[in-house]
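[1] Predicted coordinates and the sequence they were generated for:
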Amino acid sequence: MSMTPRWSRKKPHFPLLAVLLLVFIACSILYNEFSIQQIDESPDHVTRSQQTSFTYVKPNLPKGASEVLDRFSSCNSTRSYSGKKIRWVDPDAEPGRRRSINQESCDVFSGKWVFDNQSYPLYKESDCPYMSDQLACHKHGRSDLRYQYWRWQPHNCNLKRWNVTELWEKLRGKRLMFVGDSLNRGQWISMVCLLQSVIPTNKRSMSPNAQLTIFRAEEYNATVEFLWAPLLVESNSDDPVNHRLAERIIRPDSVLKHSSQWEHADILVFNSYLWWRQGPVKLLWSAEENGACEELDGLGAMELAMGAWADWVASKVIPLKKHVFFVTMSPTHFWSHEWEPRSEGNCYNQMTPINLEGYWGSGSDLPTMRMVDNVLSRLGSKVSVINITQLSEYRKDGHPSIYRKFWETLSPKQLANPASYSDCIHWCLPGVPDVWNELLFHFL
């Protein structure tokens with residue numbers, strides 16, 4: 001008996017009408033594909049994919065919004081997120097080929113904290129005239145100083161030994177600029193404290209606190225600067241002092257307000273994370289003329305901002321002329337049950353690091369890290385990554401907790417419960433951010 005499927009025995013003949021219909025459909029498909037390709041290759045604002053509802057926006061257009069966002073800006077109306085995405089410049093780099101970090105024979109970000117009261121701290125809190133009251137924990141009552149004496153030790157190699165004169169020589173005639181939020185400002189203060197001691201008092205200066213604050217070392221013709229830009233893109237929170245607002249508004253498609261200040265720096269150190277964790281964000285696109293905002297969750301809004309930032313890096317950075325670093329998210333320690341089951345508390349009264357290798361708390365968001373990693377991978381050698389997250393996760397003891405200046409008056413109820421107002425976000429100095437700068441020195 002034949003095993004040939006019965007539908008192969010008889011070959012039906014299609015009528016002429018059916019053949020013509022197939023030819024018409026094929027021609028339509030080819031025409032549509034050609035039209036889509038034309039739109040996709042256009043350098044102008046908008047494209048739309050057949051498979052998704054996303055509209056792609058070209059960021060950082062010179063003729064952007066007519067008004068600059070400030071703390072008095074508001075939305076005339078708010079609607080749901082439209083699905084717009086940032087189409088940023090292809091940097092023509094192979095994904096995953098980052099400068100320095102992936103080419104290292106040893107992973108300096110994998111290691112442990114070693115108590116070392118012979119080599120650390122690298123400076124004294126009281127010896128740094130530029131110390132912030134937000135980070136000066138000993139000055140504000142912290143008597144246990146063990147947090148100052150921990151050295152980061154990679155598992156299979158050593159960090160380059162800190163050498164202040166060598167770093168100044170690397171910075172001679174250059175501008176080193178930190179760009180980001182208060183955690184990046186803490187790293188900047190750490191760097192200034194690490195560097196200032198070898199500069200004579202009459203040969204150094206610090207500009208008044210402003211959006212851009214500059215430490216100058218005259219004999220090296222060098223500056224170490226900090227630019228307040230917590231969301232990287234333009235926002236209504238760009239005032240370095242008055243930025244605690246009920247409504248967070250950003251221009252998700254433009255870094256031009258900030259890049260006009262950072263573009264001439266020789267070494268750039270960026271960060272952005274915690275400000276995206278504070279609830280929904282209002283999007284005011286540059287092309288929007290009626291003040292109508294869209295609302296999006298923090299992770300989605302951060303992805304848009306990272307796209308606009310990455311577009312600037314991809315199109316403007318020449319690695320041999322400008323060195324760009326991105327510092328990964330700084331963890332928080334708000335829930336002691338994460339490192340000590342069944343306990344109730346936070347970083348308050350914590351005096352030693354976590355010694356469980358690979359510990360990861362809820363203060364570090366994995367979806368955010370994956371998104372950032374994807375963006376940075378596409379940038380290839382144009383950006384170097386300083387991965388501070390895992391090593392800082394261990395340092396529950398390194399936060400100011402109650403030992404800092406608080407600008408708001410604390411209530412009797414708060415004072416009766418120190419954990420209720422403990423700062424478990426920022427870091428005491430000397431302390432953890434000094435190690436972030438040792439890593440920066442290692443890769444310069």
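    Arrived safely.
[2] can you give me the helices for the stretch 101-250 of the chain?
    Secondary structure of the stretch 101-250 of the chain (DSSP state H, counting those that start in this stretch): helices at 164-171, 182-196.
[3] Specify the angle between the longest one and helix 164-171 in degrees.
    I take that to be helix 182-196. Here helix 182-196 runs at an angle of 110 degrees relative to helix 164-171 (axes from the mean of the first three to the mean of the last three C-alpha atoms, to 10 degrees).
[4] as a whole number, average confidence for helix 182-196?
    In this model, helix 182-196 has an average pLDDT of 98.
[5] Then stretch 362-375?
    Here the average pLDDT along stretch 362-375 is 95.
[6] Of all the residues in it, which ones are buried?
    Buried residues in stretch 362-375, counted by 16 or more other C-beta atoms under 10 Å: Gly363, Ser364, Asp365, Thr368, Met371, Val372, Val375. In this view, the C-beta of every residue, glycine as well, is placed from N, C-alpha and C.
[7] Out of the helices of the stretch 101-250 of the chain, indicate the one that is most buried.
    Stretch with highest mean neighbour count among the helices of the stretch 101-250 of the chain: helix 182-196 (a mean of 24; mean count of other C-beta atoms under 10 Å).
[8] What is the subsequent helix or strand relative to the lowest-mean-pLDDT helix or strand in the chain?
    Within the chain, no helix or strand scores below strand 46-48, which has a mean of 37 by mean pLDDT, DSSP states H and E. Downstream of strand 46-48, the first helix or strand assigned by DSSP states H and E is strand 55-57.
[9] residues of the following helix or strand past that next one that come out buried?
    Moving toward the C-terminus from strand 55-57, the next helix or strand (DSSP H and E) is strand 77-80. For strand 77-80, a neighbour-count test (16+ other C-beta under 10 Å) marks Thr78 as buried.
[10] Which parts of the stretch 301-444 of the chain are strands?
    Taking DSSP state E, counting those that start in this stretch as the test, the strands found in the stretch 301-444 of the chain are 323-327, 384-386.
[11] Adjacent strands (with direction) for the longest one?
    In the sheet, strand 323-327 lines up against strand 267-270 (parallel), strand 384-386 (parallel) (DSSP bridges).
[12] rewinding a little: output the helices of the stretch 101-250 of the chain in JSON lines; the columns should cover distance to Val269.
    JSON lines is the format used below for those (distance: least, C-beta to C-beta, whole Å):
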{"stretch": "helix 164-171", "distance to Val269": "13"}
{"stretch": "helix 182-196", "distance to Val269": "7"}
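[13] Nearest to Pro121, out of the ones you listed?
    With C-beta to C-beta as the measure, helix 182-196 is the member of the helices of the stretch 101-250 of the chain nearest Pro121 (9.6 Å).
[14] packing partners for the closest one?
    Using 3 or more C-beta pairs under 8 Å, 6 or more residues apart in numbering; DSSP states H and E, the elements in contact with helix 182-196 are helix 164-171, strand 175-180, strand 212-217, strand 222-228, strand 267-270, helix 432-443.
[15] got the contact list for the closest residue to Ala229 other than its chain neighbours?
    Leaving out its chain neighbours, the residue that sits closest to Ala229 by C-beta to C-beta, 6 or more residues apart in numbering is His258, at 4.5 Å. Under the criterion of C-beta atoms under 8 Å, 6 or more residues apart in numbering, the neighbours of His258 are Val179, Leu227, Ala229, Leu232, Val233, Glu234, Asp238.
[16] so how many other residues sit close to the second one?
    Right, the one you point to is Leu227. Counted with other C-beta atoms under 10 Å, the neighbours of Leu227 add up to 25.
[17] How about the third one?
    When counting by other C-beta under 10 Å, one arrives at 29 neighbours for Ala229.
[18] cool, and Asp297?
    Number of residues near Asp297 (other C-beta under 10 Å) recorded here: 13.
[19] Where does Asn290 sit: helix, strand or coil?
    Of the three states, Asn290 takes coil according to DSSP: H, G, I helix; E, B strand; the rest coil.
[20] With adjacent residues omitted, what lies nearest to it?
    Asn76 (6.2 Å).
[21] Looks like Ser110 contacts Gln153 (just checking).
    No. In this structure, Ser110 is not within contact of Gln153 by C-beta atoms under 8 Å, at 10.4 Å.
[22] still on that earlier bit, Glu303 is nearest to which of the strands of the stretch 301-444 of the chain?
    Closest among the strands of the stretch 301-444 of the chain, once you apply C-beta to C-beta, is strand 323-327, at 14.4 Å.
[23] and the angle for that closest one with helix 432-443?
    150 degrees.
[24] which residues touch strand 323-327?
    Residues outside strand 323-327 that contact it (C-beta under 8 Å, 6+ apart) are 180, 184, 187, 266-271, 313, 317, 372, 376, 382-386, 388, 436, 440, 443-444.
[25] same deal with stretch 159-175?
    108, 122, 152-153, 194-195, 197-198, 217, 220-225, 264-267, 438-439, 441-442, 444.
[26] Start and end of that stretch, how far apart?
    In stretch 159-175, first residue to last residue: 24 Å (C-alpha to C-alpha, to the nearest Å).
[27] so which helix or strand takes in the closest residue in space to Glu247 that isn't next to it in sequence?
    Nearest residue to Glu247, sequence neighbours excluded (C-beta to C-beta, 6+ apart): Lys282, at 6.0 Å. Assessed by DSSP H and E, Lys282 sits inside strand 281-283.
[28] so how far is that strand off the chain centroid?
    18 Å (C-alpha atoms, centre = their mean, to the nearest Å).
[29] Show me the contact partners of that strand.
    Residues from elsewhere that reach strand 281-283, judged by C-beta under 8 Å, 6+ apart: 75, 78, 81, 247-252, 293-298, 301, 304.
[30] List of residues touching the helix or strand following that strand?
    Counting by DSSP H and E, the next helix or strand C-terminal to strand 281-283 is strand 292-296. Contact with strand 292-296 is made by 75-82, 84, 249, 280-285, 304, as judged by C-beta under 8 Å, 6+ apart.
[31] swap the cut-off to 7 Å and go again
    Residues outside strand 292-296 that contact it (C-beta atoms under 7 Å, 6 or more residues apart in numbering) are 75-82, 249, 280-284.
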